[in-house]
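Visitor: Fold the following.
(one chain, ligands or ions: 3)
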Amino acid sequence: MVTVHNLGYPRIGAARELKFVLEKYWRGDAHEQQLQGVASELRQQHWTHQQACDWVPVGDFSLYDQVLDASVMLGNLPARFAHLPPTELATYFAVARGVQGDEAASACGHHGGDAAEMTKWFDTNYHYLVPEVSADTQFSLNSERLLTQLAEAHRLGVRAKPVILGPLTYLWLAKAKDGSDPLALLDRLLPAYQTLLSQLADAGADWVQIDEPILVTELDHNWQHAFSRAYHGLQQRGIRLLLATYFGPLRDNLQLACQLPVAGIHLDAVRGRDDVPRLADWLGDHKVLSLGVVDGRNIWRTDLNATLDWLAPIAEKFSQRLWLAPSCSLLHVPVDADVETDMDREIQGWLAFARQKLAELTLLRHALNHGRDSVAGQLAANASAIRARRESRRVTVAAVQKHFAQVDGSWGQRASAYPQRSEKQAAILALPPFPTTTIGSFPQTADIRKVRKQYKSGALSEQNYRAAMAAAIAEAVSIQEQLGLDVLVHGEAERNDMVEYFGEQLEGFVFSRCGWVQSYGSRCVKPPIIYGDIQRPYPMTVDWIKYAQSLTSKPMKGMLTGPVTMLNWSFVRDDQPRSLTCQQLALAIRAEVQDLERAGIGIIQIDEAALREGLPLRRSEWQGYLNWAVEAFRVAANGVADETQIHTHMCYSEFNDIIGAIAHMDADVITIETSRSHMELLDVFRDFHYPNQIGPGVYDIHSPAIPSAEQMVALITRAAQTIPAERLWVNPDCGLKTRRWEEVLPALRHMVNAAQTLREKAG
Ligand SMILES: CN1c2c(nc(N)[nH]c2=O)NC[C@@H]1CNc1ccc(C(=O)N[C@@H](CCC(=O)N[C@@H](CCC(=O)N[C@@H](CCC(=O)O)C(=O)O)C(=O)O)C(=O)O)cc1
Ligand SMILES: N[C@@H](CCS)C(=O)O
Ligand SMILES: [Zn+2]
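Guide: Ligands and ions are numbered 1, 2, ... in the order given. A predicted model of the protein is given here:
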C-alpha cells in the first residue's frame with residue numbers, strides 16, 4: 001500500500017488572512033491573542049485541506065519565516081537581541097523586522113535593532129531570515145512552539161509528521177560575521193537536535209521530516225563528512241527520520257544520502273527523476289522511498305497516467321515503502337485553483353494549486369493501491385485536460401514563431417562599443433557629475449492600492465482610474481523636480497507589481513485573482529502564469545512615460561522589467577525550455593524599448609532584479625544559464641541607437657561569481673544594492689575592470705532609517721576610491737514602493753545634498 005504525505009503547506013491563507021492580521025498586529029490594531037487565534041484557525045483549516053494525506057506536516061506553519069523559527073528553537077538569535085526574552089513574540093518580530101527609532105534606543109541601544117538579513121530561499125522567490133553565528137555561538141533548545149503545534153494537531157486527530165530544518169542546512173544558511181566557519185558549530189548544535197527528537201518521541205511523534213535541501217547542491221568533502229557524522233548522532237529510539245531533499249537531483253550526494261542512518265529519503269522526482277533508478281537500487285531493504293512526483297514549484301496539472309506508467313514498477317518493488325508527495329513544500333504555490341472562476345475556463349482546467357496537487361496525489365495512491373480501473377473516470381478526466389493543453393491552438397502562435405525565426409546574433413549587439421556610446425549620450429544628456437536618480441517606484445500608498453482595487457472590482461471607471469494614476473505620476477514628478485533630482489522616474493503608481501503589470505498586458509499570460517504566494521513575512525506576490533507563446537499586442541508603458549516626460553524638462557527614465565526577471569518571477573510553461581520562453585519575453589520587451597525610444601525617451605531602465613536568483617543550484621550549470629539569460633537581456637536592450645542610454649538594476653549584493661556575465665550585459669549604467677555592504681561590493685567591479693557606469697546604492701531602502709547626507713557622502717567617497725568618479729551615479733539601493741513618503745522625502749533630500757557636496761568638493 002502506497003502512502004501519501006505532504007512536505008509543507010502555504011501558510012499565508014487562501015484569502016491572505018495571515019498577512020492582514022499580521023499587519024494589523026504590527027500597526028497595534030490587533031492583540032497577540034487575535035493574531036495567535038487567526039494562526040491557529042489557519043493551521044486547522046490547512047490540516048483539514050490535507051486530511052486525505054496519510055501524514056500531514058506540522059511545524060511548517062510560521063508567523064513570519066521557518067528559518068527564523070528554527071533560530072528561535074535553537075536559541076540562536078542575533079547578539080544584538082540577546083537582552084530580549086528569546087521566545088516572546090515581540091522579540092521574534094524585532095529580529096524579523098528590526099526595532100526602530102525610540103523603540104530601538106530603549107530596547108536595543110542606538111543601532112542595535114537592525115533586522116536580520118533576508119535572502120533568497122534557494123532558487124525560489126521566497127526570502128528567509130539569515131541565521132547569524134560566530135565562533136562563540138551556543139545553542140539552547142526552545143521547542144515549545146513545535147510541541148504546542150504537535151499537541152494541537154494530535155488533539156484534532158491529525159496524523160502529524162513534525163517538520164524541522166536539518167542541522168546541516170541550518171548551518172549552511174547561517175552567516176558568520178566574524179569570518180568563522182559555521183560548520184565548526186556542528187558539535188555544539190547536535191545536542192539540541194538530539195534533545196528535540198527525544199522530546200518529539202515523548203510527545204507521540206512517529207515520523208519526523210528533517211529537511212536538508214543542501215543535498216541538492218555541490219557539497220565539498222567537509223560537508224559530506226559532516227552529514228555522516230551528524231546523522232549517526234541523531235539516531236533516536238522511537239522516532240523515524242524522513243530526510244527530505246528538494247529543488248533538484250541528489251546526483252553526487254546520492255550515495256551519501258543512501259548511507260545515512262535514516263528511515264526514509266524524500267527525493268524531488270520532478271527535477272531529479274534521473275536519480276530514481278539508482279536511489280531505488282541503493283536505498284536498502286528497509287528504508288522508505290518518498291518520491292516528489294507532483295511539482296511543488298509550478299501550477300500545471302500532473303500527467304497522472306504517465307506518472308502511473310512510470311511509478312507502477314517502483315510501487316511493485318517498494319510496496320508499502322513507497323511514499324508519494326509533492327516535489328517540495330507547497331509554500332511556493334497558491335492555495336486553490338478552483339476559486340479562480342474569473343479565469344479563462346480552458347486554461348483554468350490546466351491548473352493545479354496546492355489543494356489540487358494533494359488531490360492528484362491521493363488519486364495516484366488510489367490507482368496504485370486499488371488498480372487504475374477503480375478511478376478510471378478521474379484518470380480519463382486528467383488525460384483529457386493534459387491532452388487539451390498539449391493540443392490547444394492557443395499555446396503556439398505562428399506570428400511569434402515567425403518573429404523568433406528572424407532573430408540573429410546582431411539583435412543582441414549595440415551599434416558601437418560603450419566608449420563611443422557614452423560620449424554621444426553625455427553630449428545629449430549633459431548631466432552633472434554624480435548624477436542623481438531613483439530606481440523607479442515611489443510609495444505605493446494605501447490610496448493608490450485602494451483606487452486600483454476599486455477599478456478592478458468595477459467600482460471605478462477606467463477613465464477615473466487613469467486620472468488617479470496620472471495625478472499620482474504628476475505628484476511624483478513634481479516632488480522630484482522640487483528635490484532637484486537629475487534623472488526622473490514616473491514612480492510606477494499604475495503598477496500592481498513589476499512583473500504582474502507587464503504580464504497582464506502580454507499575450508501568452510493568464511492571471512489568477514487569488515493566486516498569492518508568500519515572498520517574505522506578510523508580503524506576497526501573485527506570479528503571472530505563462531501558458532503559451534508570448535506577444536506584445538500594444539505598447540505597455542509608452543503613454544505613461546510620455547505623459548511623465550511631458551511634465552518636465554529633465555530626462556525621464558523609461559522603466560521596464562527585463563525578460564529574465566519576468567521569467568523567474570512567473571509560473572512558466574513546462575512544455576518548452578525556459579530559455580525559449582525567455583527569448584520570447586526578450587522580443588516583447590525589445591519592442592517596448594524601441595517604442596519608448598521612438599517616443600523620445602532617451603534613458604531606458606530594464607530591471608533584472610531576478611537574474612541572479614535564476615542561477616541553477618549547482619555551479620556546474622551556471623554558465624549554461626548565464627549564456628541564454630544574458631543574451632535575452634541583450635536582445636531586449638540592444639535594439640536602440642547609441643544615443644539612447646540603457647540602464648539596468650539589480651538589487652542584490654553578490655556579483656563576485658557572475659561579474660563577467662554582468663559586464664557582458666553591456667548596459668550603459670547599472671544600479672546595484674551596496675549600502676549595507678558599505679561599498680565593499682564594488683571591489684569586484686574594480687578588479688574586473690568593469691568599464692561602464694555604476695550607481696552603487698547609497699540609501700538602504702529596506703530600512704525605515706533615513707540616512708544623512710554625510711553618510712551618503714562617505715559612501716560615495718568610498719566608492720570613488722574604487723570606481724572612477726566620472727562613472728558614478730548616486731541613487732538608492734532599490735525602488736521605494738514599500739516605504740512611506742515621510743521616510744522617502746528627507747532621504748532623497750539628503751541624497752541630492754550629498755551629490756551637491758561631492759560636486760563642490762570635486763571643484
Ligand atoms: C522586489 N521584489 C519582488 C519580487 N517578486 C515580484 N514579483 N515583485 C517584486 O517586487 N521578489 C523579490 C522582492 C520581494 N519583495 C516584495 C516587496 C513587496 C511586495 C508587496 O508589497 N506585495 C504586496 C502586493 C502587491 C500587489 O500585487 N498589489 C496589488 C494588490 C493590492 C492588494 O492587495 N489590495 C488589497 C486591498 C488594498 C486596499 O483596499 O487598500 C486587496 O486586493 O485586498 C495592487 O497594488 O493592485 C503585498 O501586499 O503583499 C512583494 C514582494
Ligand atoms: N523599478 C523597480 C525595481 C525593483 S527591483 C522598482 O523601483 O520598484
Ligand atoms: Zn530592486
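
Visitor: What is the least confident helix or strand in the chain?
Guide: None of the helices or strands of the chain scores lower by mean pLDDT, DSSP states H and E than helix 101-108, at a mean of 42.

Visitor: Now do whichever helix or strand comes after that helix: which elements does it pack against?
Guide: Next in sequence after helix 101-108, counting helices and strands by DSSP states H and E, comes strand 118-120. Using 3 or more Cβ pairs under 8 Å, 6 or more residues apart in numbering; DSSP states H and E as the contact criterion, the elements in contact with strand 118-120 are strand 127-129. Any C-beta I mention is one placed from the backbone N, CA and C, and that applies to glycine too.

Visitor: what does the protein put close to ligand 1?
Guide: 125, 444, 446, 449-450, 452-453, 496-500, 519, 523-526, 569, 609, 738 (Cβ under 6 Å from any ligand atom).

Visitor: for ligand 3, what are the nearby residues on the protein?
Guide: Within the chain, the positions adjacent to ligand 3 are 609, 651, 734 by Cβ under 5 Å from the ion.

Visitor: how is this protein carved up into domains?
Guide: Residue ranges for the domains of the chain, per the TED database: 3-99+116-391, 415-762.

Visitor: contacting residues around L560?
Guide: Taking Cβ atoms under 8 Å, 6 or more residues apart in numbering, we find L560 in contact with 502, 541, 589, 592-593, 596, 604-607.

Visitor: quick one: which of those is nearest ligand 3?
Guide: Checking the contacts of L560 against ligand 3 with Cβ to the ion, the nearest one is D607 at 6.5 Å.

Visitor: Would you agree the closest one is in contact with G562?
Guide: Yes: counting by Cβ atoms under 8 Å, D607 touches G562, with 5.8 Å between them.

Visitor: so G13 is in which element?
Guide: Using DSSP H and E, no helix or strand contains G13.

Visitor: If you drop the residues flanking it in sequence, what lies closest to it?
Guide: For G13, ignoring the flanking residues on the chain, the nearest one in space by Cβ to Cβ, 6 or more residues apart in numbering is L42 at 5.3 Å.

Visitor: ok, now F122?
Guide: Spatial nearest neighbour of F122, chain neighbours left out: F247 (5.0 Å); criterion: Cβ to Cβ, 6+ apart.

Visitor: For that neighbour, which three-state class applies?
Guide: coil (DSSP: H, G, I helix; E, B strand; the rest coil).

Visitor: pLDDT weak spots in this protein?
Guide: For the chain, residues meeting the criterion pLDDT under 70 lie at 100-112.

Visitor: Which residues of the stretch 451-600 of the chain lie near ligand 2?
Guide: Residues of the stretch 451-600 of the chain lying near ligand 2 (Cβ under 6 Å from any ligand atom): 498, 559.

Visitor: In three-state terms, label the residue of the stretch 351-500 of the chain found nearest ligand 3 for me.
Guide: Residue nearest to ligand 3 within the stretch 351-500 of the chain (Cβ to the ion): I439, separated by 5.7 Å. Classification of I439 using three-state DSSP returns coil.

Visitor: I figured it was touching C734, is that so?
Guide: Yes: the criterion here is Cβ under 8 Å, and I439 meets it with C734 at 5.3 Å.

Visitor: How much space separates the nearest residue to T217 once chain neighbours are set aside from ligand 2?
Guide: Here the nearest residue to T217 in space, its sequence neighbours aside, is L617; by Cβ to Cβ, 6+ apart that works out to 5.1 Å. Using Cβ to the nearest ligand atom, to the nearest Å, L617 is found at 22 Å from ligand 2.

Visitor: can you check A184 too?
Guide: Using Cβ to the nearest ligand atom, one gets 36 Å for the distance from A184 to ligand 2.

Visitor: Identify the residues contacting that residue.
Guide: A135.

Visitor: gap between the residue nearest to T217 and P577?
Guide: 18 Å (Cβ to Cβ, to the nearest Å).

Visitor: More neighbours: which of these two?
Guide: Legend: neighbour count by other Cβ atoms under 10 Å for L617 and P577, higher for L617 (17 against 11).

Visitor: Would it be right to say that that one lies in a helix?
Guide: No: when three-state DSSP is applied, L617 is found to be coil, with no helix at that position.

Visitor: picking up where we left off before, got TSV for the domains of the chain, with distance to D408 too?
Guide: Putting the domains of the chain into TSV (distance: least, Cβ to Cβ, whole Å) gives the following:
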stretch	distance to D408
domain 3-99+116-391	30
domain 415-762	10
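
Visitor: Around E23, how many other residues sit close by?
Guide: Other residues near E23 come to 15 when the count uses other Cβ under 10 Å.

Visitor: pretty sure it is in a strand, no?
Guide: No: judged by three-state DSSP, E23 forms no part of a strand; its state is helix.

Visitor: can you tell me which of the contacts of L560 are in strands?
Guide: Using DSSP state E, the subset of these located in strands is 604-607.

Visitor: just these now: which is nearest N253?
Guide: When the ones in strands among the contacts of L560 are ranked by distance to N253 (Cβ to Cβ), D607 comes first, at 35.0 Å.

Visitor: show me what contacts that closest one?
Guide: When contacts are counted by Cβ under 8 Å, 6+ apart, D607 touches 439-440, 498, 559-562, 565, 648-650.

Visitor: That one pairs with what?
Guide: For D607, the beta-bridge partners are T561, H649 (DSSP bridges).

Visitor: how close does the residue nearest to G13 sit to A337?
Guide: Distance, L42 to A337, by Cβ to Cβ: 19 Å.

Visitor: the more surrounded of these two?
Guide: Taking neighbours as other Cβ under 10 Å, L42 and A337 compare with A337 leading, 23 against 20.

Visitor: so that one touches I299, yeah?
Guide: Yes: shown here, A337 and I299 form a contact pair, counting by Cβ under 8 Å, at 7.2 Å.

Visitor: Could you name every residue contacting both of the two?
Guide: Shared contacts of A337 and I299, defined by Cβ under 8 Å, 6+ apart, are found at 351-353.

Visitor: ok so, going back, find residues that contact each of I439 and C734.
Guide: Listed as contacting both I439 and C734 by Cβ under 8 Å, 6+ apart are 649, 651.

Visitor: before we move on, what SS does whichever residue of the stretch 451-600 of the chain sits closest to ligand 1 have?
Guide: Per Cβ to the nearest ligand atom, N496 is where the stretch 451-600 of the chain lies closest to ligand 1, at 3.4 Å. In three-state terms, and counting by three-state DSSP, N496 is coil.

Visitor: what residues are up against it?
Guide: By Cβ under 8 Å, 6+ apart, N496 lies in contact with 452, 526.

Visitor: Tell me how many other residues crowd the closest residue to ligand 2 within the stretch 1-150 of the chain.
Guide: Taking Cβ to the nearest ligand atom as the measure, the point where the stretch 1-150 of the chain comes nearest ligand 2 is N125, at 12.0 Å. Applying other Cβ under 10 Å, we find 19 residues neighbouring N125.

Visitor: now do R523
Guide: 13.

Visitor: and the residue in the stretch 251-400 of the chain positioned nearest to ligand 1, how many neighbours?
Guide: Proximity of the stretch 251-400 of the chain to ligand 1 (Cβ to the nearest ligand atom) peaks at H332, 12.4 Å away. Neighbour count of H332, defined by other Cβ under 10 Å: 25.

Visitor: can you pull the contacts of it?
Guide: H332 sits next to 124-126, 296-297, 517 when contact means Cβ under 8 Å, 6+ apart.

Visitor: Now with 6 Å, please.
Guide: Remark: with contacts taken as Cβ atoms under 6 Å, 6 or more residues apart in numbering, H332 is in contact with 124, 297.

Visitor: and it, backbone torsions?
Guide: Main-chain dihedrals, H332, degrees, to the nearest 10: phi -90, psi 10.

Visitor: which residue ranges form the strands in the stretch 151-300 of the chain?
Guide: Assigned strands in the stretch 151-300 of the chain, in chain order: 160-165, 175-176, 207-211, 240-244, 264-268, 288-294 (criterion: DSSP state E, counting those that start in this stretch).

Visitor: what's the second one in contact with?
Guide: The reference is to strand 175-176. For strand 175-176, contacts defined as Cβ under 6 Å, 6+ apart pick out 130, 133-134, 182.
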